[in-house]
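*Asks:* structure of the sequence below:
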Amino acid sequence: MLAVQLQEYGGPEVLTVAEADVPAPAAGQISIDVAYTGVNFADLKARSEGYRVPALPYVPGLEVSGRVREIGSGVEGFTVGQEVAALTEGGAYAQVALADAATVFALPGGVDLRTAATLPTVLPTAHALLHEVGRLSAGETVLVQGAAGGIGTVVGQLAKAGGAGAVYGVVSSEAKAEYARKHGYDEVFVVSAGGSDGSGGSGGGFAAEVRAATGGRGVDLALDPVGGDALRGALDALAVFGRLVSFGNASSAEPWRVGQPELYGAGLGVFGFSILSLAKSAPEALREVAARAFAKVADGTVELPVTAEFPLADAADAHRLMGSRTSTGKLLLRVAD
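*Replies:* So this is what the prediction gives:
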């Protein structure tokens, strides 16, 4: 089979197409003939800095759609040829991928394989950020950084469907702001990609704009995939009793630390979420979240537009586009016709 590998860390040029052995499923696993692979920012971090890479050479990729090829021992509820979507631990940039059966999902009715490739990481993450972790209540206000990305696109729609009073976004360009406004956002703040420090040093930047937009109150729930100063800006934008959910570190900043001085005064809460970690520690909880999230696609509540699609061999071009910070929505690799 063909797979996209990296032999060393670096820019998109380190991604090369190579022949690889077809993987066979171990006990509790399923192999999948891949139709589409989703491209995620975590793939770029794996390529550039070894994020979650156990060893080189490495085949990146965390989500696929396709058809069941082989079923490992002990797995029930799937049949060969069945159309599925799956969350993987890597290896998705290939014609055949492996996944633990606990993270393989039968497609909801009316969802095709192309749409299915947008689901495994984005939909459960967005749902968990708002509901299972963020505990959104009707009428509350939400702030989302990266509002024009895959997760941001879905969060805006889910938040409105969940009764949010207002949804605010932070993006790096006016073009992204225009896109976000079409997907559930009431107001979007533009911060330059090179200077999105969030806090502006002393409460400036988007934190000051959010407070101005909310009459000085701040927001009830803030979602941050950036880390570093941007996380501090989100914390500064919270209302009394507000919650902040960290779900990434796109800035590659030092791990955040929050203590009593930041939290006690306004009764704030800070939470974390990683779908990859949940898949390892509580796969059944992930399946429950995924079922609720996928149902929102099947019933038309949310959609995640595929804004660019590349052949598997052009994975480097997909990384260049995502790395340019100009992309919106979801990027896919087309593996099979």
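*Asks:* so where do the helices sit in the stretch 201-337 of the chain?
*Replies:* Secondary structure of the stretch 201-337 of the chain, counting by DSSP state H, counting those that start in this stretch: helices at 205-213, 228-236, 260-263, 275-281, 283-298, 315-323.
*Asks:* output the ones you listed in JSON lines; the columns should cover distance to residue 335.
*Replies:* Glycine gets a C-beta too; all of them are placed from N, C-alpha and C. Converted to JSON lines, these look like this (distance: least, C-beta to C-beta, whole Å):
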{"stretch": "helix 205-213", "distance to residue 335": "38"}
{"stretch": "helix 228-236", "distance to residue 335": "34"}
{"stretch": "helix 260-263", "distance to residue 335": "45"}
{"stretch": "helix 275-281", "distance to residue 335": "21"}
{"stretch": "helix 283-298", "distance to residue 335": "21"}
{"stretch": "helix 315-323", "distance to residue 335": "10"}
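*Asks:* my guess is residue 29 meets residue 101, correct?
*Replies:* Yes. Using C-beta atoms under 8 Å, residue 29 makes contact with residue 101 at a distance of 6.4 Å.
*Asks:* dead centre of this structure: give me the residue that sits there.
*Replies:* The structure's the chain has its C-alpha centroid closest to residue 122; by C-alpha atoms, centre = their mean the separation is 4.3 Å.
*Asks:* so who does it touch?
*Replies:* 38, 150, 151, 154, 304, 330 (C-beta atoms under 8 Å, 6 or more residues apart in numbering).
*Asks:* let's go with 6 Å and repeat that
*Replies:* Counting by C-beta atoms under 6 Å, 6 or more residues apart in numbering, residue 122 touches 150, 151, 154.
*Asks:* ok, the first one to residue 7 distance?
*Replies:* The one in question is residue 150. According to C-beta to C-beta, to the nearest Å, residue 150 stands 28 Å off from residue 7.
*Asks:* looking at these two, which is more packed in?
*Replies:* Just comparing residue 150 and residue 7: by other C-beta atoms under 10 Å the higher neighbour count belongs to residue 150, 28 against 12.
*Asks:* for residue 149, see how far away residue 289 is.
*Replies:* 19 Å.
*Asks:* neighbour count: those two, which is higher?
*Replies:* The neighbour comparison of residue 289 against residue 149 (other C-beta under 10 Å) goes to residue 149, with 27 against 22.
*Asks:* and for that one, nearest residue in space, chain neighbours not counted?
*Replies:* Distances taken as C-beta to C-beta, 6 or more residues apart in numbering place residue 328 nearest to residue 149, at 7.1 Å, with adjacent residues excluded.
*Asks:* same check, this time on residue 85
*Replies:* Residue nearest to residue 85 in three dimensions, not counting chain neighbours: residue 116, with 4.2 Å by C-beta to C-beta, 6+ apart.
*Asks:* which residues touch the one you found?
*Replies:* Counting by C-beta under 6 Å, 6+ apart, residue 116 has contacts 65, 85, 107.
*Asks:* what about 8 Å?
*Replies:* By C-beta under 8 Å, 6+ apart, the neighbours of residue 116 are 36, 65, 83, 84, 85, 107.
*Asks:* and which of those residues is nearest residue 95?
*Replies:* Checking the contacts of residue 116 against residue 95 with C-beta to C-beta, the nearest one is residue 36 at 11.7 Å.
*Asks:* roughly how far does the residue nearest to the centre of the chain sit from residue 302?
*Replies:* Applying C-beta to C-beta, the value for residue 122 to residue 302 is 10 Å.
*Asks:* which neighbours do those two share?
*Replies:* With C-beta under 8 Å, 6+ apart, residue 122 and residue 302 have common neighbours residue 154.
*Asks:* which residues touch residue 11?
*Replies:* Residues near residue 11 by C-beta under 8 Å, 6+ apart: 47, 48.
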